[in-house]
Every structure is written in C-alpha cells, then in structure tokens.
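Visitor: Output the structure for:
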Amino acid sequence: VHTGERPYKCGECGKGFRYRSGLIHHRILHTGEWPYECGECGKSFRRNSHLITHQMIHTGKWPYVCEECGKGFSYSSLLIRHQMIHTGKYAYKCGVCGEGFSVRSHLITHQKLHTGERPYECGECGKGFKRNINLIVHQRIHTGER
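Guide: I've put the predicted structure just below:
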C-alpha cells in the first residue's frame with residue numbers, strides 16, 4: 001500500500017505525486033491560476049477547500065467554536081491553540097522565565113530577549129534585529145519607502 005511510488009509527474013518541473021489530485025493542485029503553481037472565486041467578495045483561491053474555509057467569514061458559521069468566548073475557527077488545531085489563552089496551559093514554555101506560548105516560533109523569538117541575539121542585520125547601517133520582519137520595516141528608512 002505504502003510503496004512510496006509517485007506515478008503522476010509534473011511535465012513542467014518533474015515533481016512526482018502519489019495521486020492525480022496532487023498533480024492537478026500542483027500545476028496551478030506553474031500557471032498562476034486561482035480558479036476558485038468567492039461569489040460574495042470576489043477573492044480567488046488555488047484550492048476549493050480554501051474557498052470553502054474563506055466563505056465562513058461571510059456566513060459566520062465556523063465548524064470549531066470556543067465554548068469559553070464564542071470565537072470561531074476553521075480548523076480544530078486553531079481552536080486548540082486559542083484555548084491555551086483561557087487555560088494558561090501553553091505548548092511551549094521559556095526555560096528562562098517560564099512565559100508560555102502557543103506557537104513555537106513565538107517562543108524562539110521571545111528567547112532572543114534573554115540571549116540578546118539579533119541575527120537579522122541591516123546591510124546599510126549594521127543595526128541588528130531579532131525578527132526578519134523588523135529588519136524589512138527598518139530598511140524602508142534607507143529606501144524612502146513608507
């Protein structure tokens with residue numbers, strides 16, 4: 001059953017897929033096509049499942065709802081992560097100060113407060129940043145972008 005065989009090959013890049021549906025979704029990357037459009041607002045999506053999830057914004061009907069505050073989510077994993085706010089039980093804890101985080105990348109960013117690490121450096125002025133997004137925003141100073 002699990003042979004690892006990938007008989008469906010992309011003619012553009014050669015990437016293989018186990019199922020025909022995987023190849024069909026992959027081809028959209030090469031064409032730039034976004035075939036699934038929301039009839040309500042016109043936003044387009046590459047996958048029908050993404051359109052269905054998006055349409056929940058318009059209907060207000062979410063499959064996963066927090067019993068504590070009523071906030072709705074499209075995926076159970078997002079609800080579980082959200083519920084950590086109410087329980088105080090976080091999946092990721094800082095070993096230095098004990099602060100909790102529901103997302104691993106947030107813990108990693110936080111830990112840089114303790115180490116002083118600033119791995120993202122501006123090539124123009126040498127200023128260091130803990131997060132790449134902060135460097136990108138900073139670089140606008142040098143380019144004049146707003």
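Visitor: and the gap between Phe17 and Pro7?
Guide: For Phe17, the distance to Pro7 (Cβ to Cβ, to the nearest Å) stands at 8 Å. Glycine gets a C-beta too; all of them are placed from N, C-alpha and C.
Visitor: Also Cys41?
Guide: When Cβ to Cβ is the yardstick, Cys41 and Pro7 sit 39 Å from each other.
Visitor: Quick check: the gap between Gly42 and Ser102.
Guide: 33 Å.
Visitor: Between these two, which is the more surrounded one?
Guide: Neighbour totals were compared for Gly42 and Ser102, and Ser102 leads with 17 against 7 (other Cβ atoms under 10 Å).
Visitor: Could you pull up the residues touching that one?
Guide: By Cβ atoms under 8 Å, 6 or more residues apart in numbering, the residues touching Ser102 are Arg81, His82, Met84, Ile85, Tyr90, Ala91, Tyr92.
Visitor: can you name the two of these that are farthest apart?
Guide: The largest separation in the contacts of Ser102, counting by Cβ to Cβ, is between His82 and Tyr92 at 14.8 Å.
Visitor: low pLDDT regions in this protein?
Guide: Per-residue confidence for the chain (pLDDT under 70) gives these ranges: 1-2, 146.
Visitor: Could I get the full set of strands for it?
Guide: Listed in chain order, the strands found in the chain under DSSP state E are 8-9, 16-17, 36-37, 44-45, 64-65, 72-73, 92-93, 100-101, 120-121, 128-129.
Visitor: Can you list the strands that the third one pairs with?
Guide: To tie it back to what came earlier, the one meant is strand 36-37. If you go by DSSP bridges, strand 36-37 pairs up with strand 44-45 (antiparallel).
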